[in-house]
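Asks: sequence unknown, structure follows:
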């Protein structure tokens with residue numbers, strides 16, 4: 001065996017393996033010194049659980065659910081002795097299980113994986129989900145003469161018959177795209193095999209000279225930015241005098257298996273050229289969300305490498321993670337073996353099924369997206385209430401196998417944190433060269449793209465970043481129209497490297513972040529000019545009214 005030379009860095013793979021082996025080795029050496037029987041001595045957490053269960057059995061426990069825990073809101077949980085004891089035993093056991101995990105002091109990746117499994121088991125075991133204990137189920141059965149149970153079983157059978165095999169969160173006919181959602185006036189002004197480009201009708205006498213291109217995720221449909229009137233970001237920005245364009249991605253199938261990140265990047269480049277041509281300007285701004293933000297950031301790196309970054313007036317990234325280090329549960333559960341199996345599965349089919357993604361996302365927040373609807377749909381036999389965000393969430397799309405592979409490879413290697421490791425359209429991507437002003441928005445309760453990861457991502461970009469932390473989670477943080485009395489957002493200094501330090505220094509602002517972004521964008525949009533007389537431009541005449549045809553593909 002040859003020893004590594006002193007002037008050479010150790011193999012990163014060997015370093016990772018050594019780190020992974022350290023914890024088991026520590027455990028073995030400790031047990032060898034102290035004796036393995038110590039593992040069978042009850043821990044303090046187990047003793048606390050036993051004492052707590054004894055108090056619960058005797059009816060002397062003060063264990064109670066949190067104020068925001070809707071599972072036990074029915075008065076029967078507080079007043080029926082049997083239900084009260086069942087609830088308290090559950091809460092005590094759940095708390096002890098979480099303490100045991102914390103006491104284990106696992107490394108970050110193992111802790112996230114175990115927390116995911118443990119939280120799902122805990123949430124599933126809640127007595128509120130049990131049809132024999134749930135007061136909601138009994139009341140519904142009495143009120144309907146047992147019909148609620150029949151409806152519930154029918155709904156269960158229907159949901160299990162097809163992917164994603166989770167309780168339906170919204171009825172399939174609750175809304176109609178083009179009638180209830182995505183109704184801001186506009187027209188498709190360009191169509192390619194991969195996307196449509198929609199231009200929206202200006203409503204103000206004057207408009208900002210530099211237009212805005214919105215790039216949605218590839219794994220969802222664009223109308224998350226154009227929901228119902230009054231809840232549409234597109235509608236709001238148009239009302240503030242911005243010239244707004246949106247990319248509507250095609251819902252691909254097996255024929256489009258070879259569309260990769262370069263394919264989507266080229267579509268973004270073409271869209272930016274079309275915007276500048278239609279508006280007769282040299283610059284355009286971009287607002288990109290989630291996976292669309294990853295592709296757009298890489299396009300910005302491509303433009304920087306070509307010396308064409310002056311074509312971008314500003315860059316906005318919504319719930320976008322560019323730095324994949326410790327980026328939440330999704331980042332923790334994937335490794336090389338899992339990634340190889342996932343990419344092989346999508347390669348065989350030609351795409352990643354959107355229903356499969358929806359199922360994964362639901363299990364990341366089981367109480368809100370699984371068990372809440374389990375009780376409503378199956379135990380109470382009710383139909384879920386209509387909600388535009390959940391309808392959009394259920395309107396899934398597919399992801400081509402090639403871009404699925406590219407996203408996984410970038411995530412596994414954390415390539416965007418390493419200048420030149422990733423490429424876009426043949427150009428090495430160095431995000432530090434993207435020195436346009438950036439506006440980065442994250443959600444404080446985001447379970448898919450943790451806000452701390454979004455903050456670290458903002459630090460990768462050159463230029464002057466503004467980081468804004470919105471209330472709520474991954475989607476609701478983006479759908480944050482003015483007028484919501486509960487809405488707030490936080491802003492802070494631009495020069496703090498640690499997200500925890502930024503949060504301590506941040507200032508809370510009442511209201512939606514949309515006006516804040518609109519004002520920031522206006523300052524970088526080249527002043528005002530008369531609004532155009534018509535949509536489109538030379539060789540880019542309107543093809544059909546918004547929302548176009550690609551958004552209707554299922």
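Replies: On my side now, so go ahead. Computed from a predicted structure; not experimentally measured.

Asks: okay, CA-based contacts and neighbour counts for the rest of this
Replies: OK.

Asks: pretty sure residue 137 belongs to a helix, no?
Replies: Yes. Secondary structure of residue 137 (DSSP: H, G, I helix; E, B strand; the rest coil): part of a helix.

Asks: quick one, grab the pLDDT at it.
Replies: Looking at residue 137, its pLDDT is 96.

Asks: one more: residue 326?
Replies: 65.

Asks: endpoints of stretch 126-142, how far apart?
Replies: 22 Å (CA to CA, to the nearest Å).

Asks: now what about it, what contacts it?
Replies: Identification of contacts with stretch 126-142 by CA atoms under 8 Å, 6 or more residues apart in numbering yields 71-72, 74, 76-77, 83, 86-87, 90, 146-149, 371, 374-375, 379-381.

Asks: mind giving me the ChimeraX select for these, buried ones only?
Replies: Buried residues among the contacts of stretch 126-142 (16 or more other CA atoms under 10 Å), as a ChimeraX selection:
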select :71,72,77,83,86,87,90,146,148,149,371,374,375,379,380,381
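
Asks: which residues of the protein score low on pLDDT?
Replies: In the predicted model, the chain carries pLDDT under 70 at residues 1-61, 326-335.

Asks: residue 536 and residue 415, how far apart?
Replies: From residue 536 to residue 415 the distance is 38 Å (CA to CA).

Asks: so which of the two has more stuff around it?
Replies: Comparing residue 536 with residue 415 by other CA atoms under 10 Å, the one with more neighbours is residue 536, at 23 against 19.

Asks: next, the contact list for the more buried one, please.
Replies: Contact analysis of residue 536 by CA under 8 Å, 6+ apart lists 189, 199, 278, 542.

Asks: quick check, nearest of those to residue 439?
Replies: residue 199 (22.4 Å; CA to CA).

Asks: the closest one belongs to a strand, doesn't it?
Replies: Yes. Applying three-state DSSP, one finds residue 199 inside a strand.

Asks: that one against residue 248, yeah?
Replies: No. Using CA atoms under 8 Å, residue 199 is not in contact with residue 248; the gap is 10.8 Å.

Asks: check the contacts of residue 536 and tell me the two furthest apart.
Replies: 278 and 542 (11.3 Å).

Asks: wait, residue 356 touches residue 165, no?
Replies: No. Shown here, residue 356 and residue 165 do not form a contact pair, counting by CA under 8 Å, at 9.2 Å.

Asks: so which of the contacts of residue 536 belong to strands?
Replies: 189, 199 (DSSP state E).

Asks: okay, the contacts of residue 536 in CSV with distance to residue 110 next?
Replies: Output for the contacts of residue 536, formatted as CSV (distance: CA to CA, whole Å):
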residue, distance to residue 110
189, 49
199, 47
278, 52
542, 53
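
Asks: by neighbours, which of the contacts of residue 536 wins?
Replies: residue 199 (28 neighbours).

Asks: helix/strand/coil for the closest residue in space to that residue that isn't next to it in sequence?
Replies: Excluding its sequence neighbours, the residue lying closest to residue 199 (CA to CA, 6 or more residues apart in numbering) is residue 245, at 4.5 Å. Classification of residue 245 by three-state DSSP places it in strand.

Asks: surely residue 245 meets residue 200?
Replies: Yes. The pair residue 245 / residue 200 is scored as a contact, 6.2 Å apart, by CA under 8 Å.

Asks: if you count surrounding residues, which of the two has more?
Replies: Neighbours were counted for residue 245 and for residue 200 using other CA under 10 Å; residue 245 has more, 27 against 24.

Asks: and that one, what are its bridge partners?
Replies: residue 199, residue 213 (DSSP bridges).

Asks: who are the contact partners of it?
Replies: With CA under 8 Å, 6+ apart, residue 245 has these contacts: 197, 198, 199, 200, 211, 212, 213, 214, 275.

Asks: distance to residue 176 for those - can I get that in JSON lines?
Replies: Shown next, in JSON lines, are these (distance: CA to CA, whole Å):
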{"residue": "197", "distance to residue 176": "21"}
{"residue": "198", "distance to residue 176": "19"}
{"residue": "199", "distance to residue 176": "21"}
{"residue": "200", "distance to residue 176": "19"}
{"residue": "211", "distance to residue 176": "29"}
{"residue": "212", "distance to residue 176": "26"}
{"residue": "213", "distance to residue 176": "25"}
{"residue": "214", "distance to residue 176": "22"}
{"residue": "275", "distance to residue 176": "29"}
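
Asks: follow-up on the earlier one: out of the contacts of stretch 126-142, which are inside helices?
Replies: 76, 77, 83, 86, 87, 90, 147, 148, 149 (DSSP state H).

Asks: and the two most separated of these?
Replies: 90 and 147, at 29.5 Å, using CA to CA across the ones in helices among the contacts of stretch 126-142.

Asks: the stretch 351-500 of the chain: helices as residue ranges?
Replies: 354-364, 366, 372-373, 388-394, 401-413, 451-460, 499-505 (DSSP state H, counting those that start in this stretch).

Asks: from the contact counts, what lies against the last one?
Replies: Spelled out, it's helix 499-505. Contacts defined by 3 or more CA pairs under 8 Å, 6 or more residues apart in numbering; DSSP states H and E place helix 499-505 against helix 451-460.
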